[in-house]
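Trainee: Sequence first, predicted coordinates after that:
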Amino acid sequence: MIPQEIERYCEAHSSPELSFLASLNRETHLTQVYPRMISGHMQGTLLRFICRMIKPDRVLEIGTFTGYSAINLALGSESMVHTIEVNPELENIIRRYLKEAGIENRVTLHFGEAMKIIPTLNECWDLVFIDADKPNYLNYYKMVFPMVRKGGWILADNALWDGKVLSRKTADKETLGIIEYNDYVQMDERVENLLLPFRDGLMLARKI
Ligand SMILES: C[S@@+](CC[C@H](N)C(=O)[O-])C[C@H]1O[C@@H](n2cnc3c(N)ncnc32)[C@H](O)[C@@H]1O
């Protein structure tokens, strides 16, 4: 993991967090039981920049939480973003900040189990961001894969899971989910992939 002072240096040499994203970040920390789940400034910006670079038309996010990453995915592109969240209690905060970001018409929220919702979305995805329950990561990958266009991207957050991916023997089911995911993607000849040691690890896979 990157030393904290290096992280602080990087943050000090990156554009500041947009004001409404800073508010969302603050409100998430004040109101949510597990605020650490939020992408946060640096990863949010990376997602926004990735979208600026690849210019996707159709984006799917699995795991909305308070909407921080969904907003960045939408701000970085002119695409339609679909995002899936199992917890309906988050709807109010998500919708308020989508409105503040001025992108409420480009983000479609789906509430429910991602495994049930994904097959109902009849889209060809340019970018999929997996960031929900870890034991299902591989199920999500296998389910979305046929719906991703050639040249499209599947990104998965928490690919290092606090470094726990290194010890399979002591792994709990979340860690095993990530290990299984990383191993599968690494062996999958239908993609080229890069495990980026950024924040908690971001696995990038491009369908070839
Ligand atoms: C790590 S958080 C997502 C963080 C968000 N992408 C961000 O960057 O701010 C994971 C979210 O996935 C949701 N989730 C967990 N299991 C899910 C499931 N089976 N279907 C849909 N969402 C799920 C959780 O409720 C939680 O809000």
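Mentor: Okay, I see it.
Trainee: and the helix or strand that Val81 is a member of, which strands flank it?
Mentor: Assessed by DSSP states H and E, Val81 sits inside strand 80-85. Sheet partners assigned to strand 80-85 using DSSP bridges are listed as strand 58-62 (parallel), strand 107-111 (parallel).
Trainee: Select, out of the ones you listed, the one closest to the ligand.
Mentor: strand 58-62 (6.2 Å; Cβ to the nearest ligand atom). The way it works is simple: take the backbone N, C-alpha and C, and place the C-beta from them, glycine included.
Trainee: quick one: the strands in the chain?
Mentor: Residue ranges of the strands in the chain, as given by DSSP state E, are 58-62, 80-85, 107-111, 125-130, 148-157, 191-196, 202-207.
Trainee: Of the ones you listed, give the one that comes closest to the ligand.
Mentor: Checking these against the ligand by Cβ to the nearest ligand atom gives strand 80-85 as the closest, at 5.0 Å.
Trainee: So which residues make contact with the least confident helix or strand in the chain by mean pLDDT?
Mentor: Lowest mean confidence among the helices and strands of the chain (mean pLDDT, DSSP states H and E): helix 4-12, at a mean of 94. Contacts to helix 4-12, defined as Cβ atoms under 8 Å, 6 or more residues apart in numbering, come from residues 2, 41-42.
Trainee: returning to what we had before: send me the strand holding Val81 as CSV with only the CA atoms.
Mentor: Provided in CSV are the C-alpha atoms of strand 80-85 (Å, rounded to 0.1, in the frame of the first residue of the first chain):
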residue,chain,number,x,y,z
MET,A,80,-26.3,7.1,-19.9
VAL,A,81,-25.2,5.6,-16.6
HIS,A,82,-27.2,2.8,-15.1
THR,A,83,-26.4,2.0,-11.5
ILE,A,84,-27.7,-0.7,-9.2
GLU,A,85,-28.1,-0.6,-5.4
